[in-house]
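**Student:** what's the 3D shape of this:
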Amino acid sequence: MYPHERSLVKRLANEPFALIGVNSDPKERVLAAMKRDNITWRSFWDGGTTSGPIASRWNVRGWPTIYVLDQKGVIRYKNVRGDAMDQAVDTLLKEGKASES
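**Tutor:** Okay, the predicted model is just below:
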């Protein structure tokens, strides 16, 4: 999963796009994974528990959970991965550009 996320971040470096991670693993594991897997995007630690404040507020019930939000902060896609994630993001970027015109 991380290789795909890295490629997405690189491909969209000059676009209005942000990838944000939330991790509920123990902090030591999070820090080691960020270094080992070259996680360069913003990632929040959710207290080392699957019932942390972020997961609770967003009703996360399984890991990983993926939300793709539009430019207004509305969840438009949930649990899309790989090519489906790329298509979702590209669709929202096109919509955002169309609304600017």
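
**Student:** Could I get the full set of helices for the protein?
**Tutor:** Remark: helices assigned in the chain by DSSP state H are 2-11, 27-36, 53-57, 83-100.

**Student:** what does the shortest one rub up against?
**Tutor:** Right, helix 53-57. 22, 24, 44, 46-47, 60 (C-beta atoms under 8 Å, 6 or more residues apart in numbering). For every residue, glycine as well, the C-beta is placed using N, CA and C.

**Student:** Can you give me the buried ones in it?
**Tutor:** Across helix 53-57, burial judged by 16 or more other C-beta atoms under 10 Å covers Ala55.

**Student:** returning to that earlier point: what's the closest of the helices of the chain to Thr65?
**Tutor:** Closest to Thr65 of the helices of the chain, according to C-beta to C-beta: helix 53-57, at 8.2 Å.

**Student:** So what's the gap between that closest one and the chain middle?
**Tutor:** Relative to the chain's own centre, helix 53-57 is displaced by 15 Å; criterion: C-alpha atoms, centre = their mean, to the nearest Å.

**Student:** where does Leu12 land on pLDDT?
**Tutor:** Per-residue pLDDT puts Leu12 at 97.

**Student:** Is it in contact with Val89, as I believe?
**Tutor:** Yes. Assessed by C-beta atoms under 8 Å, Leu12 is found in contact with Val89 at 7.1 Å.

**Student:** Show me which of the contacts of helix 53-57 are buried.
**Tutor:** Here, 16+ other C-beta under 10 Å leaves 22, 24, 46-47, 60 buried among the contacts of helix 53-57.

**Student:** Between Leu12 and Val89, which is the more surrounded one?
**Tutor:** Neighbour comparison, Leu12 and Val89: the larger count goes to Val89, with 20 against 16 (by other C-beta atoms under 10 Å).

**Student:** give the contact list for that one.
**Tutor:** Contacts for Val89 (C-beta under 8 Å, 6+ apart) come out as 8, 12, 17, 68.
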